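**Q** Just need the structure, nothing else, for what follows:
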Amino acid sequence: MQATDIRRPDYFHKVVDCQWACPAHTPVPEYIRLIAAGRYDDAYMVNWVSNVFPGILGRTCDRPCEPACRRGRVERQQAQSPEPVAICRLKRVAADKKSESIRARMPKAPAKLNGKRIACIGAGPASLTVARDLAPLGYQVTLLEADAQAGGMIRTQIPRFRLPLEVIDEEVGFILDRGVTLRAGERIDSLRTLLAQNFDAIFIGCGAPRGRDLDLPGRAQAAANIHIGIDWLASVSFGHIHRIGRRVLVLGGGNTAMDCCRTARRLGGEEVTVVVRSAFDEMKASPWEKEDAMHEGIPIHNFLVPKAFAHEDGKLTGVWFEPVAPHLDARGRRQLRPTGAPDQFFAADDVLVAVGQENAFPWIERDLGLAFDERGMPQVDPGTMQSTLSNVFFGGDAAFGPKNIIWAVAHGHDAAISIDKFCHREDPHERPPPMMNLLSQKMGIHDWSYDNEVSLALRHKVPWADKKLTLVNIKVEVELGFDARQAFAEAQRCLNCDAQTVFTDAQCIECDACVDICPMDCISFTDNGEEGELRERLRAPARDVTQDLYVSGLLKTGRVMVKDEDVCLHCGLCAERCPTGAWDMQKSLIEMTHAGPGCRSGKPGPGEVRRAA
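**A** This is a model prediction of the structure:
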């Protein structure tokens, strides 16, 4: 097998999996260490540079980083129930415990503008990210928002018991205070008209504002008590709806459906039921969202397809469902087919339809040079977020359909780079790669600059407020968050994946001291070979082919050192024991590309958003 140089940036990308699973590439181990050290302001700024909304995402993120967390792999190898580090909830700790002095560490509104004007349609997470990145560089950024306040779906569709208003106001305010103009209550009805206002670039981050309906028998007759989920949640958020019927059915299995059923429970729904056409494990809702709903006494029924709305004298009485079961067709595709069992009836006073969201662009004229695909979605370059109309960019749900907040943030970062390069007449496709520095963590013979003690504890649970309080007041936050002691304990579970073992083969005397002391048997000295058979003859077979092996060059005996990164604890014992210094622990500090002079010339400019820790 060809030797692998661990000093290559692309290798570190495969080791610090949590950072690269996050669309915004947040340096997770770095901010977790800062939290453990009680440096909450520093941890917040590390988050703020990359994901923009630490307090919001620390409560609502879909957590793409956590399934990639290597802690779960190690616990699986030890025959324990694999649980990743609570990365998302630790992010909230940084937000909850930061000090007021955090404002002084953020980029100031520029004293002088650069003469470039940018319009952002919608003031949701994607547009706010574009504004956050461009405003400090001197761009005059204008947010055009149909609602009375900025925030988009963060404000309108996420219930207050999950995300308090004060958190939204604070983190949106951090951006608006950077010299960004908000034109609230201004709905865009024509892109042609906006283009005529001679903005240098336009970013479209209007989300996916239309909820899907169900065209079933009885829909029109019972319309008064059938509500589209995202519209209903928005009406609740704006205070237009305060009550709902005693018996409530929620149709759909995504996160919006979970928000609908939990909100209905708080607005008077005594018998709230979720009905889904798919299997429980195939529901689009995050596992913890389903758990939260069931914890509040809300049952979930699966494999039932809505067939008709029942009504009497113009009033909804319930919904008929057809039982289905999964089958594989001739091409191996999964299909749901009727079981032949009798239809099931669920009585209901109100129904919330949460079966998906759609994009709607009736305000974009089709003769402007902006191309759409057969699904009615704009043709957007996924690398640059640029449309076929060169000065128009998309991001968030408006670009590729409904996803989540962290993807919207990632799109905003990418679009800001492209807009900055476009406005300077540079090719948006030419983007510098991330920067990476490797720094030795050795402080002495047995001392490291990071805490390398590995906690054996399983994942700590976030405490909840009493249901007697949360189910009677829609504004009472359910999760209380970790306190300082709990946060430290959970942070200690992190394996410091960015503090990596680096091996110098020329200094190795093949004494096997590292092999003897390794607690995971992840180091082997052996003859080289093809990867498949090499994986099987290591001290502990390395069968996770998604994780690269670290293979040294030839040693003096002709053997190679092979290390299985999949189960390494990054404890540094190999480096402590090594008598020649062949092993070292080096931290990778990866800096993502941001809009600004550094993106254009390779040198960071004074107005760029840089990590402030």
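**Q** what ranges do the helices span in the stretch 451-600 of the chain?
**A** For the stretch 451-600 of the chain, the helices defined by DSSP state H, counting those that start in this stretch occupy 467-470, 484-491, 513-517, 531-536, 573-577, 597-601.
**Q** Out of the helices and strands in this structure, which is least certain?
**A** helix 9-15 (a mean of 57; mean pLDDT, DSSP states H and E).
**Q** between the helices of the stretch 451-600 of the chain, which gets nearest to Leu182?
**A** Nearest of the helices of the stretch 451-600 of the chain to Leu182, taken as C-beta to C-beta: helix 597-601 at 25.9 Å. The way it works is simple: take the backbone N, C-alpha and C, and place the C-beta from them, glycine included.
**Q** Flag every buried residue along the closest one.
**A** Pro597, Gly598, Cys599, Arg600 (16 or more other C-beta atoms under 10 Å).
**Q** Out of those residues, the closest to Thr580 would be?
**A** For the buried residues of helix 597-601, the nearest to Thr580 is Gly598 (39.2 Å; C-beta to C-beta).
**Q** Pull up the pairing partners for the helix or strand Lys307 falls within, direction included.
**A** Assigned by DSSP states H and E, Lys307 belongs to strand 304-312. Strand pairing for strand 304-312, determined by DSSP bridges: strand 315-328 (antiparallel).
**Q** And the next helix or strand past the partner strand?
**A** That would be, after strand 315-328 and using DSSP H and E, strand 334-338.
**Q** so where's the stretch 101-250 of the chain shaky on pLDDT?
**A** Counting by pLDDT under 70, the stretch 101-250 of the chain has no low-confidence residues at all.
**Q** As a check, name the ranges of all strands in it.
**A** For the stretch 101-250 of the chain, the strands defined by DSSP state E, counting those that start in this stretch occupy 117-121, 140-145, 181-184, 201-204, 210-211, 226-228, 247-251.
**Q** Can you name every helix or strand that the second one contacts?
**A** Read that as strand 140-145. strand 117-121, helix 125-134, strand 181-184 (3 or more C-beta pairs under 8 Å, 6 or more residues apart in numbering; DSSP states H and E).
**Q** and if you look at the fourth one?
**A** Of the remaining helices and strands, those touching strand 201-204 by 3+ C-beta pairs under 8 Å, 6+ apart are strand 117-121, helix 125-134, helix 191-195, strand 392-394, helix 405-423.
**Q** Mean neighbour count, these: which tops it?
**A** Of all the helices and strands packed on strand 201-204, helix 125-134 has the most neighbours on average by mean count of other C-beta atoms under 10 Å, namely a mean of 32.
**Q** report the angle between the axes of it and helix 405-423?
**A** Helix 125-134 runs at 50 degrees relative to helix 405-423, counting by axes from the mean of the first three to the mean of the last three C-alpha atoms, to 10 degrees.
**Q** Which residues does helix 125-134 contact?
**A** Applying C-beta atoms under 8 Å, 6 or more residues apart in numbering, the contact partners of helix 125-134 are 52-53, 118, 120-121, 141, 143, 150-154, 172, 174-175, 178, 180, 203, 205, 395-399, 405, 408-409, 411-413, 415-417, 419-420, 594-596, 609.
**Q** any idea which residue sits dead centre in this structure?
**A** For the chain, the residue nearest the mean C-alpha position is Ile406 (3.8 Å; C-alpha atoms, centre = their mean).
**Q** contacting residues around that one?
**A** Cys22, Pro23, Ala24, Asn51, Leu57, Cys61, Asp62, Pro64.
**Q** first to last residue in stretch 512-526, what's the distance?
**A** 11 Å (C-alpha to C-alpha, to the nearest Å).
**Q** What of stretch 222-229?
**A** 16 Å.
**Q** starting at the chain centroid, how far to that stretch?
**A** Centre-to-centre, stretch 222-229 and its host chain are 31 Å apart (C-alpha atoms, centre = their mean, to the nearest Å).
**Q** Quick check: Asp512 touching Phe525?
**A** Yes. In this structure, Asp512 is within contact of Phe525 by C-beta atoms under 8 Å, at 6.6 Å.
**Q** who touches both of these two?
**A** Going by C-beta under 8 Å, 6+ apart, no residue sits against Asp512 while also sitting against Phe525.
**Q** The two: which is more packed in?
**A** Phe525 (19 against 10; other C-beta atoms under 10 Å).
**Q** So that one sits against Met561, correct?
**A** Yes. Phe525 is in contact with Met561 according to C-beta under 8 Å; the separation is 5.6 Å.
**Q** Give the residues shared as contacts by these two.
**A** Leu555.
**Q** which residues does Ile118 contact?
**A** Val130, Leu134, Tyr139, Gln140, Val141, Thr142, Phe199, Asp200, Ala201, Ile202, Phe203, Ile419.
**Q** Who does it form a beta bridge with?
**A** Ile118 forms beta bridges with Val141, Ala201, as assigned by DSSP bridges.
**Q** Look up how far Val409 lies from it.
**A** 17 Å (C-beta to C-beta, to the nearest Å).
**Q** now swap in Asp147 and tell me
**A** 20 Å.
**Q** Same check on Gly318?
**A** 41 Å.
**Q** Contacts made by stretch 41-48 with the rest, please.
**A** Against stretch 41-48 from outside (C-beta under 8 Å, 6+ apart): 26-27, 30-32, 34-35, 54, 57, 91, 93-95, 98-99, 101-102, 105-106, 174, 611-613.
**Q** scratch that, stretch 412-419 is what I was asking about
**A** Stretch 412-419 has contacts (C-beta under 8 Å, 6+ apart) with 24, 52, 118, 125-130, 132-134, 201, 203, 205, 383-386, 393-396, 428, 431, 592-595, 599.
**Q** Alpha carbons of it, as CSV, please.
**A** C-alpha atoms of stretch 412-419 as CSV (Å, rounded to 0.1, in the frame of the first residue of the first chain):
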residue,chain,number,x,y,z
GLY,A,412,-24.2,32.2,2.2
HIS,A,413,-20.5,31.9,2.8
ASP,A,414,-20.0,30.5,-0.7
ALA,A,415,-22.2,33.1,-2.3
ALA,A,416,-20.4,35.9,-0.5
ILE,A,417,-17.0,34.8,-1.9
SER,A,418,-18.5,34.6,-5.4
ILE,A,419,-20.2,38.0,-5.1
